[in-house]
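Chemist: Sequence first, then the predicted structure, then my questions.
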Amino acid sequence: MEILNNFSTISLALFLFISSALFSLTSGEIHRHQFVIRATPVKRLCKTHNSITVNGMFPGPTLELRNGDSLQVHVVNKARYNVTIHWHGVRQMRSGWADGPEFVTQCPIRPGGSYTYRFTIQGQEGTLWWHAHSSWLRATVYGALLIRPTLGQSYPFPKPNREAPILLGEWWDANPIDVVREATRTGAAPNVSDAYTINAQPGDLYNCSTKGTTIVTVHSGQTYLLRVINAALNQPLFFAVANHKLTVVGADASYTKPFTTSVLMLGPGQTTDVLIKADQPPARYYIAARAYQSAQNAAFDNTTTTAILEYKSAKKGNALKPIMPSLPAYNDTNTVTAFTRSFRSPRKVEVPTDIDESLFFTVGLGLNNCPLNFNKSRCQGPNGTRFSASMNNVSFVLPRNLSLLQAHQQGIPGVFTTDFPGSPPVKFDYTGNVSRSLYQPIRGTKLYKLKFGSKVQVVIQDTSIVGSENHPIHLHGYDFYIIAEGFGNFDPEKDTSKFNLVDPPLRNTVSVPVNGWAVIRFVADNPGVWLMHCHLDVHINWGLAMAFVVENGVGELQSLPPPPPDLPVC
Ligand code: C2O
């Protein structure tokens, strides 16, 4: 009897295990899309530009799916530029060939070419986005990627009545590709943008922009989920809605312990999901965003973009002027600190301990001196230099003829080296008065090798070389726990005690405090080549990037499959 009982328990458990395994293999839906990249006339700020778009849409199509679903996006390039699409924040478990950064995981899709990105969403819920990962094309080639809970599951908060993606963007009254090409030629900082946008519309504080302003209609008493995405190229942004509190419930497609705030700050690349209740007198309220500018003495776009939160029962017509929220001062770092330190995972999480790789990366700008016989027009940076940027003094250079992932998988030498330093080659007072002799990084395509499954900690330290700044550092292929942040130089003696190993937030992009540091941890469980970079595109151009090469583990389930047959060739 006893034995029989045990046996039936075991077989029931086995049955449940097998059926749930089968269920997870087969439950996801496959979503197929076609993205045609092409020039489209787009009128903003009184002028029409031939902007590169997806399917003629700006912003591009919103992709909606559930955790566990798969995407197959067939990208056809009918533009005159090379292009790739990156699925920002998607973990891409063993699907690195679909990650998208050009010359990192693939050669770009040439004009006339095509490529199908195939991947599955595994264990991620919330808001991500997609964007071009080639030159500055993402200025107009981007869209939302909304991941709902698996069928039969629900949000860990009361189901909102409705939801809306809120994409914050940046607009140049020029061709953004020309803007970055000119900066690359001269070595100077590129022109700043002429407007910010909400769902690709600047809003009625700008010329010729009243028509088309984004309107979010709400019904009194209802709750809305706003999925806020900072898709701007170069600017961290504050975000607020007049007279309404925002309850943060997620970020970067991970849930957070809910907290209430009147203002958000998002670095480019970051997303924040907030609940907002229509509990104010029926009227029109501005949704607004403007710069958080932490760098001193640097030009920035100081304009304000708006959309309108409009109560259904409010009196009709534009006659009713919307109420404006108060936004923090451009340089209000205290507000940013209070905000970022409010993030927690919803419950106790398993933060990696027994660290195998303890890394320390400096991030910051640099200036390259120009050779004596160099053309002056190409040295338009400060004091006749060219702007540069680096991690651990290496200014990252992309290969031109092959992607890093192909070179790694096929064992092709001469494309990269694996000597990226795990700590700064020279130690100095990173946030102090740095000697000019330390201003010039070296150029290189240096990667850092990680064994499969290794537990990694990275201290990311801002430097004051040229000028300190809040850098949004993004890691491809991974989510990481942000276990601490602070100002000044990271001090292992006293700062280790500040580590949150209980409920730190899980993210894919960390806003490293200006003149400060942040500590992240992750397990290297996804084989491939994964870019880590500042998500201010101007800094990527200057080399503020590196890449990890994560080796295969044991067996098929810990290895990167061979490349798909349609992977573009260089
Ligand atoms: Cu959202 Cu490497 O980028």
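Modeler: Okay, I see it. Residues are numbered from 1 along each chain as shown.
Chemist: can you count the residues close to the residue in the stretch 351-500 of the chain that the ligand sits nearest to?
Modeler: Proximity of the stretch 351-500 of the chain to the ligand (Cβ to the nearest ligand atom) peaks at residue 474, 5.2 Å away. Every residue, glycine included, has its C-beta placed from N, CA and C. Residue 474: 25 surrounding residues under other Cβ atoms under 10 Å.
Chemist: Now do the end-to-end distance for stretch 93-107.
Modeler: Length of stretch 93-107, first residue to last, Cα to Cα, to the nearest Å: 20 Å.
Chemist: ditto for stretch 277-297
Modeler: One end of stretch 277-297 to the other measures 39 Å (Cα to Cα).
Chemist: now do stretch 298-309
Modeler: First-to-last distance for stretch 298-309 - Cα to Cα - comes to 33 Å.
Chemist: In this structure the residue of the stretch 351-500 of the chain closest to the ligand contacts residue 532, no?
Modeler: Yes. Judged on Cβ atoms under 8 Å, residue 474 makes contact with residue 532 at a distance of 7.1 Å.
Chemist: circling back: ok, the host helix or strand of the residue of the stretch 351-500 of the chain closest to the ligand: who's next to it in the sheet?
Modeler: Using DSSP states H and E, residue 474 sits within strand 471-475. Partners of strand 471-475 in the sheet, by DSSP bridges, are strand 509-512 (antiparallel), strand 528-534 (antiparallel).
Chemist: can you give me the strands for the stretch 251-400 of the chain?
Modeler: 254-261, 264-266, 271-277, 284-291, 304-311, 357-369, 385-391, 394-396 (DSSP state E, counting those that start in this stretch).
Chemist: any chance of the ones you listed in JSON lines, with mean neighbour count too?
Modeler: What follows is the strands of the stretch 251-400 of the chain, written out as JSON lines (neighbours: other Cβ atoms under 10 Å):
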{"stretch": "strand 254-261", "mean neighbour count": "17"}
{"stretch": "strand 264-266", "mean neighbour count": "25"}
{"stretch": "strand 271-277", "mean neighbour count": "24"}
{"stretch": "strand 284-291", "mean neighbour count": "24"}
{"stretch": "strand 304-311", "mean neighbour count": "23"}
{"stretch": "strand 357-369", "mean neighbour count": "22"}
{"stretch": "strand 385-391", "mean neighbour count": "24"}
{"stretch": "strand 394-396", "mean neighbour count": "22"}
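Chemist: Same list as before, those strands that is, but in JSON lines and with mean pLDDT and distance to residue 378 included.
Modeler: Formatted as JSON lines, these follow (pLDDT from 0 to 100; distance: least, Cβ to Cβ, whole Å):
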{"stretch": "strand 254-261", "mean pLDDT": "98", "distance to residue 378": "44"}
{"stretch": "strand 264-266", "mean pLDDT": "98", "distance to residue 378": "35"}
{"stretch": "strand 271-277", "mean pLDDT": "98", "distance to residue 378": "38"}
{"stretch": "strand 284-291", "mean pLDDT": "98", "distance to residue 378": "29"}
{"stretch": "strand 304-311", "mean pLDDT": "97", "distance to residue 378": "34"}
{"stretch": "strand 357-369", "mean pLDDT": "98", "distance to residue 378": "11"}
{"stretch": "strand 385-391", "mean pLDDT": "98", "distance to residue 378": "7"}
{"stretch": "strand 394-396", "mean pLDDT": "98", "distance to residue 378": "16"}
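Chemist: Just give me the neighbour total for the residue in the stretch 101-250 of the chain positioned nearest to the ligand.
Modeler: Proximity to the ligand, evaluated over the stretch 101-250 of the chain using Cβ to the nearest ligand atom, is greatest for residue 101 at 5.1 Å. Residue 101: 25 surrounding residues under other Cβ under 10 Å.
Chemist: Am I right that it is in contact with residue 133?
Modeler: Yes. If you go by Cβ under 8 Å, residue 101 and residue 133 touch, sitting 4.4 Å apart.
Chemist: sorry, back to before: which one of the strands paired with strand 471-475 lies nearest to the ligand?
Modeler: So among the strands paired with strand 471-475, strand 528-534 is nearest, using Cβ to the nearest ligand atom, at 5.4 Å.
Chemist: Only alpha carbons, please: show the next helix or strand after that closest one as CSV.
Modeler: Toward the C-terminus, strand 528-534 is succeeded by helix 537-542 as the next helix or strand (DSSP H and E). Extracted C-alpha coordinates of helix 537-542, given in CSV (Å, rounded to 0.1, in the frame of the first residue of the first chain):
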residue,chain,number,x,y,z
ASP,A,537,24.7,57.2,-29.5
VAL,A,538,27.2,60.0,-29.7
HIS,A,539,29.3,58.1,-27.2
ILE,A,540,29.1,54.9,-29.1
ASN,A,541,30.5,56.7,-32.1
TRP,A,542,33.4,57.8,-30.0
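Chemist: mean confidence for helix 537-542?
Modeler: Helix 537-542 shows an average pLDDT of 98 in the prediction.
Chemist: circling back to that earlier point, I'd like the strands paired with strand 471-475 as TSV, with mean pLDDT, distance to the ligand and mean neighbour count appended.
Modeler: Output for those, formatted as TSV (pLDDT from 0 to 100; distance: least, Cβ to the nearest ligand atom, whole Å; neighbours: other Cβ atoms under 10 Å):
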stretch	mean pLDDT	distance to the ligand	mean neighbour count
strand 509-512	98	8	26
strand 528-534	98	5	26
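Chemist: closest one to residue 33 among those?
Modeler: strand 528-534 (23.4 Å; Cβ to Cβ).
Chemist: Can you pull up the residues of the stretch 351-500 of the chain that come close to the ligand?
Modeler: 474, 476 (Cβ under 6 Å from any ligand atom).
Chemist: contacting residues for the closest residue to residue 393 other than its chain neighbours?
Modeler: If the residues on either side of it in the chain are set aside, residue 393 comes closest to residue 441, at 4.9 Å by Cβ to Cβ, 6 or more residues apart in numbering. By Cβ atoms under 8 Å, 6 or more residues apart in numbering, the residues touching residue 441 are 366, 368, 388-390, 393-395, 543.
Chemist: With respect to residue 163, which of those residues is nearest?
Modeler: residue 389 (36.8 Å).
Chemist: partner residues bridging the closest one?
Modeler: Counting by DSSP bridges, the residues bridging with residue 389 are residue 365.
Chemist: How about the contacts made by it?
Modeler: Residue 389 neighbours (Cβ under 8 Å, 6+ apart): 363-366, 395, 441, 534, 539, 542-544.
Chemist: ok, 6 Å please
Modeler: Neighbouring residues of residue 389 by Cβ atoms under 6 Å, 6 or more residues apart in numbering: 365-366, 539, 542-544.
Chemist: With adjacent residues omitted, what lies nearest to the closest residue to the ligand within the stretch 251-400 of the chain?
Modeler: Residue nearest to the ligand within the stretch 251-400 of the chain (Cβ to the nearest ligand atom): residue 269, separated by 4.8 Å. Nearest residue to residue 269, sequence neighbours excluded (Cβ to Cβ, 6+ apart): residue 535, at 3.7 Å.
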